[in-house]
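In: predicted model follows, preceded by the sequence.
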Amino acid sequence: MPFFKFDNKKIYYEITGKGPVIILHHGFSMWGKDWVKSGWIKNLSKDFTCLIFDAIGHGNSSKPYSIDSYTVESRTNLVIELSKNFGWEKFSFLGFSMGGRIGYELLSKHKDKLEKIGIISMHGYPPIRYREQFLKRLKFIHSNKIQTLERALGFYNPERPSNNIKALSNSTEALFNWKGAEKDLINNPIPTIILCGIKDSLFKTTEQFSGLVKSSTFLPIMNETHGGIFHRNQYVKDILSGFFKSKSS
């Protein structure tokens, strides 16, 4: 299995396809192969070099004890280091759910590295605003009901390596340190597309946040849920493929 060494941690990755580069970041409690199982790589690898990987604390990647390894900033630095490792001076990025936060951080701190960016089902407000929501998540995690949470989010996958409770807990608690990106993207120059299902509990905040992101387009996806927009919706895959292929957006 291919691994990338990052700050004394092992990161599992796969590269598929040829053409301009897209780095894809999965959501909480998922792994990189979810992009394959759900048809994203089949769609995108026809025209792009696609890098998928298991985020820290997920799948086959390292699951360190230090909470500092799980911050949005650390996850973002990993994306930058992956691009440097393969000699990619610029790349496009596609992030789902948790991966969407990494997208906003990239737009905020590393826009010089980006060609285009797609964000699915996430806003860029500080997670501390929604502390109660994340405390409920932690309660689920510590009560060994993580599969119940995954099923509710549409993320459950029996083929995935068993999730590590401590790693998921650290992934959640580390979010409280992120200040968000609402003040940083008023002058965003990077073509950006943000999508969210109207049946997603994050729909209103994602739509609202998109209004703060210059050079962005927001697309509401009818009759779609948080997990469904990722796993089932071919229309969303086609929209994003067209976005990344277009010369201007």
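Out: Happy to help now that I have it.
In: for this structure, what's the longest helix?
Out: The single longest helix within the chain, with elements called by DSSP state H, is helix 72-85.
In: quick check: the gap between the residue of the chain positioned farthest from its centre and residue 137.
Out: Distance from the C-alpha centroid of the chain peaks at residue 143, with 25.4 Å (CA atoms, centre = their mean). Distance, residue 143 to residue 137, using CB to CB, to the nearest Å: 11 Å. (Glycine included, C-beta is placed from N, CA and C.)
In: residue 114 now?
Out: Separation of residue 114 from residue 137 (CB to CB): 29 Å.
In: and residue 119, that's in a strand?
Out: Yes: counting by DSSP: H, G, I helix; E, B strand; the rest coil, one finds residue 119 located in a strand.
In: and the helices in this structure, which stretches?
Out: 34-37, 40-44, 72-85, 98-109, 131-142, 146-153, 165-173, 203-210, 228-231, 234-245.
In: what's the local residue count around residue 84?
Out: 11 (other CB atoms under 10 Å).
In: give me the pLDDT for it.
Out: According to the prediction, residue 84 has pLDDT 97.
In: residue 11: how many residues sit nearby?
Out: Using other CB under 10 Å, residue 11 is surrounded by 23 other residues.
In: and residue 222, by the same measure?
Out: Residue neighbour count, defined by other CB under 10 Å, stands at 8 for residue 222.
In: if I look at it, how far off is residue 37?
Out: Using CB to CB, residue 222 is found at 24 Å from residue 37.
In: dump the C-alpha coordinates for the longest helix of the chain into PDB.
Out: Extracted C-alpha coordinates of helix 72-85, given in PDB (Å, rounded to 0.1, in the frame of the first residue of the first chain):
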ATOM      1  CA  VAL A  72      -8.100  22.100  10.500                       C
ATOM      2  CA  GLU A  73      -4.700  23.800  10.000                       C
ATOM      3  CA  SER A  74      -2.800  20.500  10.400                       C
ATOM      4  CA  ARG A  75      -5.100  18.800   7.900                       C
ATOM      5  CA  THR A  76      -4.700  21.700   5.500                       C
ATOM      6  CA  ASN A  77      -0.900  21.500   5.800                       C
ATOM      7  CA  LEU A  78      -1.100  17.800   4.900                       C
ATOM      8  CA  VAL A  79      -2.800  18.700   1.600                       C
ATOM      9  CA  ILE A  80       0.000  21.200   0.800                       C
ATOM     10  CA  GLU A  81       2.700  18.700   1.700                       C
ATOM     11  CA  LEU A  82       1.100  16.100  -0.500                       C
ATOM     12  CA  SER A  83       1.100  18.500  -3.400                       C
ATOM     13  CA  LYS A  84       4.700  19.400  -2.800                       C
ATOM     14  CA  ASN A  85       5.700  15.700  -2.600                       C
END
